[in-house]
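In: model the structure of this input:
(2 chains)
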Number of protein chains: 2
Amino acid sequence: MTINILGCYAATPRTFTNPTSQVLEIKGRMFLIDCGEGTQVQLRKQKIKFGRIEHIFISHLHGDHFYGLIGLISTFALLGRKNDLHVYGPKGIKEVILLLLKVSNSWTTYNLYFHELESAESEVVYEDEKVRVSTIPLRHRVYTNGYLFEEKPAERTLNIEAVEAYEIDQAYYRKIKYGGDITLEDGRVIPNAELTFDPPPCKSYAFCSDTAYKEDIVPIIKDVTVLYHESTFLESEERYCETTMHCTAKQAARIALKANAGNLILGHFSTRYESIDLFREEAATIFENVDVADDGKVFEY
Amino acid sequence: MTINILGCYAATPRTFTNPTSQVLEIKGRMFLIDCGEGTQVQLRKQKIKFGRIEHIFISHLHGDHFYGLIGLISTFALLGRKNDLHVYGPKGIKEVILLLLKVSNSWTTYNLYFHELESAESEVVYEDEKVRVSTIPLRHRVYTNGYLFEEKPAERTLNIEAVEAYEIDQAYYRKIKYGGDITLEDGRVIPNAELTFDPPPCKSYAFCSDTAYKEDIVPIIKDVTVLYHESTFLESEERYCETTMHCTAKQAARIALKANAGNLILGHFSTRYESIDLFREEAATIFENVDVADDGKVFEY
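Out: Okay, here's the model as predicted:
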């Protein structure tokens, strides 16, 4: 599981900082999460192949999270893209994109599907045989969702020594990997647990930005492998959190702790601070495995 | 008169090339012309004060000429801008920007005025005591205007020796500078030409992008000091001009020649070419004073 941070700063694009966008690679799928202005250039800089992105998840319709989407959709068309593109985001996103295409008398060379969201409850928005994506309803100034990406359980790992000892035919290996017990020719039933090992644990990634402190999300993201949580402010600016509906680094850490997250990545930093390492330091007083995002940084788990 | 090229490449923003945007400074006014994605970052890199931009002229609603506008308008608001902002562009631009503000539940901290254009004829869209701006109807795949920026005649330069020789009171200097004759106490009438010199000639700048070859614009831009004309292609790709409604460098040079332009700046280059100097070379076979734009380049006249 790889998280490629294209941008992780709040408010406006600047000379050396980009608004929110990141690419999650999980089980061979590549998902683009949020798409601030300049995302297509960041994708080029990170040498990410445009064609591999087939699903784009937008958290909310503030500019620093989606003003780069129309440019990306247009560029895909200019490059003659053929494969489908799915966009998930708050209701309204379709109207905006279609109007922008209309005024420029443009159309896409590929099928463009919108999945508009308006539920206040967590819901599954994407699912295939390897991955499931659900929303994480957040609390922000406009309707906002985080997204939880979960690997599905893989097939069990064959205990080669055991299956060979029982002289089980290879034709049954598939059944065993899927959890089945085996009845031998002499009638003995060998339980699956004797023939397999547990598969590697399923990884998961929760993207939560932007949001005020919201403990309601804890059950949704419980035991997540990696939590990316916004931390716009340091504790010294906590007074701004309620009006702007953002979090401090410590609040993000508290969510990570309560959710028993394996790792916490902080992002969506206000550009008022001299060093983003201060975010890590404050969060680390509450939660141990904390790291800070930065544009161009790649995390692997 | 200064032209600051923020971006001058066609189609899509790339790692080292930006879509169309430029800042014209003329008679102390600062005009932003077109606003491709990433323009606000280019403005920061060129250290142009956001507050000095009060008028934005958009040629047409293709993405590479206006996808940066909503981000700029939003950033101005986030920074608490107070002074008015005027946007000139094709009909439809207001609906797009207002919808984008609406879905993000945002508003501006300043007065935002739209001047929507739909005329097929040249028209004056802005005028103050020093500068006049008119449209230059172009021929492109969507409704498109270039813009002609003209200095207005300045007041005449006082011939100090002459006015002192006639012992004319300083109270009359203003009248003389505005072209008035003077009647002395003894009844003699001194014609203005004896008391003043011609003011420096008025400069003008024509921005013409995007457009197919269109000779109809020649009378509008006749004798222009500087013509910025698109040249998406070299002659070897001239066959694409009619379908895409773009020009070659030589076609741009022919317009400059027919219009008796003082200088020609080429821009809106397709990124397929290895060197933009090839554009200059081809145009120079037809028109002498030719230069090529490039991102970050500043021209002074």
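
In: use CA for all of it now, contacts and neighbours both
Out: Will do.

In: tell me which parts of chain A are close to chain B?
Out: A:11-15, A:37-38, A:40-42, A:44-45, A:60-63, A:67-68, A:70-71, A:74-75, A:78, A:92-93, A:96, A:99-100, A:103-105, A:142 (C-alpha under 8 Å from any C-alpha of the partner chain).

In: now the helix or strand where residue A:77 lies - C-alpha only, PDB.
Out: Under the criterion of DSSP states H and E, residue A:77 resides in helix A:69-78. Extracted in PDB, the C-alpha atoms of helix A:69-78 (Å, rounded to 0.1, in the frame of the first residue of the first chain):
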ATOM      1  CA  LEU A  69     -10.500  18.400 -11.300                       C
ATOM      2  CA  ILE A  70     -11.800  20.100 -14.400                       C
ATOM      3  CA  GLY A  71      -8.300  20.600 -15.800                       C
ATOM      4  CA  LEU A  72      -7.500  16.900 -15.200                       C
ATOM      5  CA  ILE A  73     -10.700  15.800 -16.900                       C
ATOM      6  CA  SER A  74     -10.000  18.100 -19.800                       C
ATOM      7  CA  THR A  75      -6.400  17.000 -20.100                       C
ATOM      8  CA  PHE A  76      -7.400  13.300 -20.100                       C
ATOM      9  CA  ALA A  77      -9.700  14.200 -23.100                       C
ATOM     10  CA  LEU A  78      -7.000  16.100 -24.900                       C
END
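
In: helix or strand next in line after that helix, which one?
Out: Counting by DSSP H and E, what follows helix A:69-78 is strand A:85-90.

In: now that next one, how far from the centre of its chain.
Out: 14 Å (C-alpha atoms, centre = their mean, to the nearest Å).

In: helix, strand or coil for the residue of chain A positioned farthest from its centre?
Out: Here the centre of chain A is the reference, and by C-alpha atoms, centre = their mean the most remote residue is residue A:186, at 50.0 Å. Put simply, residue A:186 is coil when judged by DSSP: H, G, I helix; E, B strand; the rest coil.

In: now do the strands in the stretch 101-250 of chain A.
Out: A:112-117, A:124-127, A:131-137, A:145-151, A:157-158, A:182-183, A:189-190, A:196-197, A:204-208, A:226-230 (DSSP state E, counting those that start in this stretch).

In: for residue B:286, which of these is the nearest?
Out: Nearest to residue B:286 among the strands of the stretch 101-250 of chain A is strand A:112-117 (45.5 Å), distances taken as C-alpha to C-alpha.

In: could you check the angle strand A:145-151 makes with the closest one?
Out: 110 degrees (axes from the mean of the first three to the mean of the last three C-alpha atoms, to 10 degrees).

In: mind listing what strand A:112-117 pairs with, with the direction of each?
Out: As defined by DSSP bridges, the strand partners of strand A:112-117 come to strand A:85-90 (parallel).

In: and the strand it pairs with with helix A:69-78, angle?
Out: Using the same axes, to 10 degrees: strand A:85-90 against helix A:69-78 is 170 degrees.

In: name the residues of strand A:85-90 that come out as buried.
Out: A:85, A:86, A:87, A:88, A:89, A:90 (16 or more other C-alpha atoms under 10 Å in any protein chain shown).

In: export those residues to a markdown table and tack on pLDDT and distance to residue A:212?
Out: Converted to a markdown table, the buried residues of strand A:85-90 look like this (pLDDT from 0 to 100; distance: C-alpha to C-alpha, whole Å):
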| residue | pLDDT | distance to residue A:212 |
| --- | --- | --- |
| A:85 | 98 | 31 |
| A:86 | 98 | 28 |
| A:87 | 98 | 25 |
| A:88 | 98 | 22 |
| A:89 | 98 | 19 |
| A:90 | 98 | 18 |
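
In: looking at those residues, which is nearest chain B?
Out: Closest approach to chain B among these (C-alpha to the nearest C-alpha): residue A:90, at 9.2 Å.

In: that closest one contacts residue A:117, correct?
Out: Yes - counting by C-alpha atoms under 8 Å, residue A:117 is a contact partner of residue A:90 at 4.7 Å.

In: spit out the contact partners of residue A:270.
Out: Residue A:270 makes contacts with A:9, A:10, A:11, A:232, A:233, as judged by C-alpha atoms under 8 Å, 6 or more residues apart in numbering or on different chains.

In: got the contact list for the last one?
Out: With contacts defined as C-alpha under 8 Å, 6+ apart, the neighbours of residue A:233 are A:241, A:246, A:247, A:248, A:249, A:269, A:270.

In: tabulate the buried residues of strand A:85-90 (TSV), appending distance to residue A:284.
Out: Shown next, in TSV, are these (distance: C-alpha to C-alpha, whole Å):
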residue	distance to residue A:284
A:85	39
A:86	37
A:87	35
A:88	33
A:89	32
A:90	33
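
In: for burial, what's the neighbour tally of the nearest residue in space to residue A:131 that is not next to it in sequence?
Out: Of all residues not flanking residue A:131 in the chain, residue A:151 sits nearest, at 4.6 Å (C-alpha to C-alpha, 6 or more residues apart in numbering or on different chains). By the criterion of other C-alpha atoms under 10 Å in any protein chain shown, residue A:151 has 20 neighbours.

In: contacts only, for residue A:151.
Out: Remark: with contacts taken as C-alpha under 8 Å, 6+ apart, residue A:151 is in contact with A:26, A:27, A:130, A:131, A:132, A:202, A:203, A:204.

In: just to check, the first one is in contact with residue A:1?
Out: If I follow you right, that is residue A:26. Yes - Residue A:26 is within contact range of residue A:1, at 4.8 Å (criterion: C-alpha under 8 Å).

In: first-to-last residue distance for stretch A:20-38?
Out: Stretch A:20-38 has an end-to-end distance of 10 Å (C-alpha to C-alpha, to the nearest Å).

In: contacting residues around it?
Out: Here stretch A:20-38 makes contact (C-alpha under 8 Å, 6+ apart) with A:1-10, A:13, A:18-19, A:39, A:52-59, A:63-69, A:130-131, A:151, A:268, B:37-38, B:68, B:71.

In: how about the helices of the stretch 201-301 of chain A, start to end?
Out: Applying DSSP state H, counting those that start in this stretch to the stretch 201-301 of chain A gives helices spanning A:218-221, A:241-244, A:249-258, A:277-284.

In: how distant is the last one from the center of its chain?
Out: In other words, helix A:277-284. Centroid separation for helix A:277-284 versus its chain: 22 Å, with C-alpha atoms, centre = their mean.

In: contacts for that helix?
Out: Here helix A:277-284 has contacts from A:231, A:234, A:235, A:249, A:250, A:251, A:252, A:253, A:266, A:290, A:291, A:292, using C-alpha under 8 Å, 6+ apart.

In: hmm, back to that, how close does the residue farthest from the centre of chain A get to residue A:176?
Out: Distance, residue A:186 to residue A:176, using C-alpha to C-alpha: 18 Å.

In: now residue A:11
Out: Using C-alpha to C-alpha, residue A:11 is found at 52 Å from residue A:176.

In: now swap in residue A:182 and tell me
Out: Taken as C-alpha to C-alpha, the span from residue A:182 to residue A:176 is 7 Å.

In: higher neighbour count, the two?
Out: A count of neighbours by other C-alpha under 10 Å puts residue A:176 above the other of residue A:182 and residue A:176, at 23 against 20.

In: got the angle between the one helix or strand residue A:30 maps to and strand A:85-90?
Out: Assigned by DSSP H and E, residue A:30 falls within strand A:29-35. Going by the same axes, to 10 degrees, strand A:29-35 is angled at 40 degrees with respect to strand A:85-90.

In: show me which residues of strand A:29-35 are buried.
Out: Buried residues in strand A:29-35, counted by 16+ other C-alpha under 10 Å: A:30, A:31, A:32, A:33, A:34, A:35.

In: need those residues in CSV (columns: distance to residue A:162 and pLDDT).
Out: Converted to CSV, these look like this (distance: C-alpha to C-alpha, whole Å; pLDDT from 0 to 100):
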residue, distance to residue A:162, pLDDT
A:30, 37, 97
A:31, 39, 98
A:32, 43, 98
A:33, 44, 98
A:34, 48, 98
A:35, 50, 98
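
In: of these, closest to residue A:147?
Out: Distance to residue A:147, by C-alpha to C-alpha, is smallest for residue A:33 among those, at 8.5 Å.

In: okay then, goodbye and thanks.
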